[in-house]
Structures are given as C-alpha cells and as structure tokens.
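Colleague: whatever this is, show me its structure:
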Amino acid sequence: MNGYLEDLKDMEFAYAPDFSTAKDVTNQAAQVGLNVLNEEYKQVPVTKVRELVENGAFILDVRGEDEFNNGHLKNAINIPLGQIRDRLDEIPKDKDIYLHCRSSQRSYLAIKILQGNGYTNLYNIQGSFLGISLYEYYNDKILGREPIVTEYNFN
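Modeller: The predicted structure follows:
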C-alpha cells in the first residue's frame with residue numbers, strides 16, 4: 001500500500017464484538033510506533049535493568065497488587081495503573097522514573113497519564129516484567145548471579 005504509520009493509525013476496521021475490540025490493535029500498535037518514532041517518550045532495554053536496580057533507580061511497577069506480590073524487581077514501587085492519578089504525590093518529579101508492567105501496555109498508559117500531569121523524566125522498560133524475567137533468568141543461571149527479582153514470571 002506504500003502507507004505510513006499515520007495511515008495505519010487512522011485505518012478503519014470492521015468492528016465485530018465477538019472477534020475484535022472497539023479500538024483495533026492495529027491502530028493502537030501504529031499509535032505506539034508513532035510515539036516511539038516521534039520520541040513522545042523514552043525507552044530503556046531490559047539489558048539495563050540490573051544496573052538500574054543496583055543503582056537504586058526509581059522503578060514504578062504499574063501491575064496489580066496480586067501480580068506484584070507474585071514477583072517483582074527488588075526495589076520497585078507498586079502503584080497499580082488504576083491508582084496512578086490518586087497517588088501522584090508518591091511519584092517524584094525530580095528523578096528519572098522507569099516504568100513497567102507485565103507486557104508494556106499498562107506502563108505505556110501510565111506514561112501518558114504522567115505526561116498529562118507534567119512529568120517529563122519517564123522511561124518505559126522495553127519488554128516489561130516478562131522480558132525482564134526471561135532475560136534475567138537466563139543470565140542469572142548462566143552467570144550464577146543473585147537475582148534482581150523476587151520471583152521470575154513467565155506467564
């Protein structure tokens with residue numbers, strides 16, 4: 001089609017409640033791609049997460065409390081996505097903030113909420129907790145090192 005992400009973002013898809021959502025994932029993927037392309041927010045790869053944990057970075061886990069309790073980064077703060085707006089006073093504006101969830105969807109939404117509330121120092125952890133768990137598990141086993149997570153999560 002010789003199209004661009006802007007075209008994909010605005011494409012019309014048939015809505016069939018049994019088979020799709022009101023907002024098609026293709027449109028959403030294009031919007032996320034445009035945000036990355038236009039540097040609407042910054043990202044950090046899972047290869048840098050150990051360094052962040054060891055240096056005491058402010059890591060915000062926006063998964064639900066049960067998910068957090070089943071395994072998390074050792075120094076992460078848990079504020080579920082649905083509570084972000086009510087708990088802004090717990091999130092510093094004078095530090096870099098590294099966000100993650102399970103797969104990066106909720107952390108992306110949290111970044112957009114925080115940006116709307118004046119935060120500019122936000123970094124999404126690529127791959128989120130699933131990616132962190134996979135990367136860290138492999139390297140922890142191969143290198144025999146101390147885990148930076150309380151429990152790995154592969155689901």
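Colleague: which strands or helices does the helix ranked longest in the chain pack on?
Modeller: Longest among the helix segments of the chain by residue count, using DSSP state H, is helix 128-143. Helices and strands touching helix 128-143, by 3 or more Cβ pairs under 8 Å, 6 or more residues apart in numbering; DSSP states H and E, are helix 49-54, strand 97-100. C-beta here means a position set from N, CA and C on the backbone, and glycine is covered the same way.
Colleague: deepest of the ones you listed, which one?
Modeller: Most buried of the helices and strands packed on helix 128-143 by mean neighbour count (mean count of other Cβ atoms under 10 Å) is strand 97-100; its value is a mean of 26.
Colleague: only alpha carbons, please: show that one as PDB.
Modeller: Extracted in PDB, the C-alpha atoms of strand 97-100 (Å, rounded to 0.1, in the frame of the first residue of the first chain):
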ATOM      1  CA  ILE A  97      11.200   7.300  36.600                       C
ATOM      2  CA  TYR A  98      11.400   3.800  35.000                       C
ATOM      3  CA  LEU A  99       8.000   2.200  34.400                       C
ATOM      4  CA  HIS A 100       7.000  -1.400  33.600                       C
END
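Colleague: after that strand, which helix or strand is next? Please name it.
Modeller: Using DSSP states H and E, the next helix or strand after strand 97-100 towards the C-terminus is helix 105-116.
Colleague: compute the inter-axis angle for that next one and helix 128-143.
Modeller: 120 degrees (axes from the mean of the first three to the mean of the last three Cα atoms, to 10 degrees).
Colleague: next SSE downstream of helix 105-116?
Modeller: Secondary structure here is assigned by DSSP H and E; on that basis, the next helix or strand after helix 105-116 toward the C-terminus is strand 122-125.
Colleague: centre of the chain to that next one, how far?
Modeller: For strand 122-125, the separation from the chain centroid amounts to 7 Å (computed by Cα atoms, centre = their mean, to the nearest Å).
Colleague: can you check stretch 99-119 too?
Modeller: On the basis of Cα atoms, centre = their mean, the separation between the geometric centre of stretch 99-119 and that of its chain is 7 Å.
Colleague: and it, what's buried?
Modeller: Leu99, His100, Cys101, Arg102, Ser104, Arg106, Ser107, Tyr108, Ala110, Ile111, Leu114, Tyr119 (16 or more other Cβ atoms under 10 Å).
Colleague: what residues does it touch?
Modeller: 32, 35, 40-41, 59-63, 67, 73, 76, 81, 84-85, 88, 91, 93, 97, 122-130, 132, 153 (Cβ atoms under 8 Å, 6 or more residues apart in numbering).
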